[in-house]
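Chemist: no FASTA, just this:
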């Protein structure tokens, strides 16, 4: 089998959501086609990039994972914020950013891991192809140029300020192949970088959920006796969690409902201690699916998503959704699937929440639509064919 390396900022069974979970899913589906090494850091917490896992090689689900230590924590102080704001100001007025500022932003964003780059540089000829995940992070930014001639990138790009840094104009011009997660992501990247000449496809993801689920296991474990809304992902302000909680509390004040909010995941945001908000941390896969299946609806609060696996998992379990309409990807899922509602402000959130909780006929149709949408558009056979197409294109170019 051909040997490929997948480069990603974090990798571990305990990491919930995001491109890290997507990487694990891709890896498990590709391992019968390729000999795969994961090249990553020892980090678990992306808010600090502290070294958590042991350095070196480990086997996870039959895949070799090679981890390297970071040499500095994520830097957050007044001086860093000052420079970051300076960069944002230039982006806001469409002025090119300076390369030294871009590199400073990447270095302070992290995870700062020179040994990972050294490994790519020294071992690049041992691999037929490199797959680089998540454009925002140090391993992607500095690793991609080292193996660009045999690279596939899965950028998981959003329409956010940082994508307009000058350094990304170069980075998005050098890969051999780009795999996008959605049509919306492809449009964002092509509009910004004018790089549609690079071979590409819309890879997406496949969704598989258990057939038999007992939601009482989750409810009993956390003593949740009432109806609940569920959020799944990083518990961060940048994911809209703070705004979500504020809107939820306001809804409760207006309608005096018994509904609860359940948050699954980890992060730096301090969740208020209330008897109607349950922050349950990391859950294993079976418990996670039980939690989703028992929810009235799933809410996705981020303004920046390139796919949102949690939303698609909810749809596969016939659970409707309420999403942040400021995110084109999330909004598009709702419009195409007719499986939920979206909001752009507090009042719309409150109104939509009430509709989803009280309208049984509406919800029944949404649940049917959700299941149909996932089964029609998110099958692993299609995804693996697209991934293999990208890898074969890149590896064949190298051999020629």
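Modeler: Right, received. Where do you want to start? It should be emphasised that the depicted structure is a prediction, and the values quoted were computed from it without experimental measurement.
Chemist: Need the residues that contact the host helix or strand of residue 28.
Modeler: Here residue 28 sits within helix 18-30, counting by DSSP states H and E. By CB atoms under 8 Å, 6 or more residues apart in numbering, the residues outside helix 18-30 that reach it are 4, 6, 8-13, 15, 36, 38, 61, 63, 133-134, 154, 156, 181, 205-206, 233-234, 307, 309, 380, 383-384, 387-388. In short, each C-beta sits where N, CA and C put it, glycine included.
Chemist: Could you pick out the buried ones from those residues?
Modeler: The neighbour count (16 or more other CB atoms under 10 Å) marks 4, 6, 8-12, 15, 36, 38, 63, 133-134, 154, 156, 181, 205-206, 233-234, 307, 309, 380, 383-384, 387 as buried among those.
Chemist: residues of the helix or strand that comes right after the helix holding residue 28 that come out buried?
Modeler: Using DSSP H and E, the helix or strand that follows helix 18-30 in sequence is strand 35-41. For strand 35-41, a neighbour-count test (16+ other CB under 10 Å) marks 36-41 as buried.
Chemist: Would you mind getting the angle between the next helix or strand after strand 35-41 and helix 18-30?
Modeler: Following strand 35-41 in sequence order, the next helix or strand is strand 56-60 (DSSP H and E). Angle of strand 56-60 versus helix 18-30, following axes from the mean of the first three to the mean of the last three CA atoms, to 10 degrees, is 70 degrees.
Chemist: partners of the helix or strand just after strand 56-60, with directions?
Modeler: Downstream of strand 56-60, the next assigned helix or strand under DSSP H and E is strand 63-68. Sheet partners assigned to strand 63-68 using DSSP bridges are listed as strand 35-41 (parallel), strand 56-60 (antiparallel).
Chemist: Now for this protein, the helix or strand with the poorest mean pLDDT.
Modeler: In the chain, no helix or strand scores lower on mean pLDDT, DSSP states H and E than helix 78-92, which sits at a mean of 79.
Chemist: Apart from its neighbours in sequence, what residue is nearest residue 202?
Modeler: Spatial nearest neighbour of residue 202, chain neighbours left out: residue 180 (5.0 Å); criterion: CB to CB, 6 or more residues apart in numbering.
Chemist: now residue 208
Modeler: Per CB to CB, 6+ apart, closest to residue 208 is residue 380, 6.9 Å.
Chemist: give the contact list for the one you found.
Modeler: With CB under 8 Å, 6+ apart as the criterion, the residues that contact residue 380 are 29, 206, 208.
Chemist: Sounds good, over and out.
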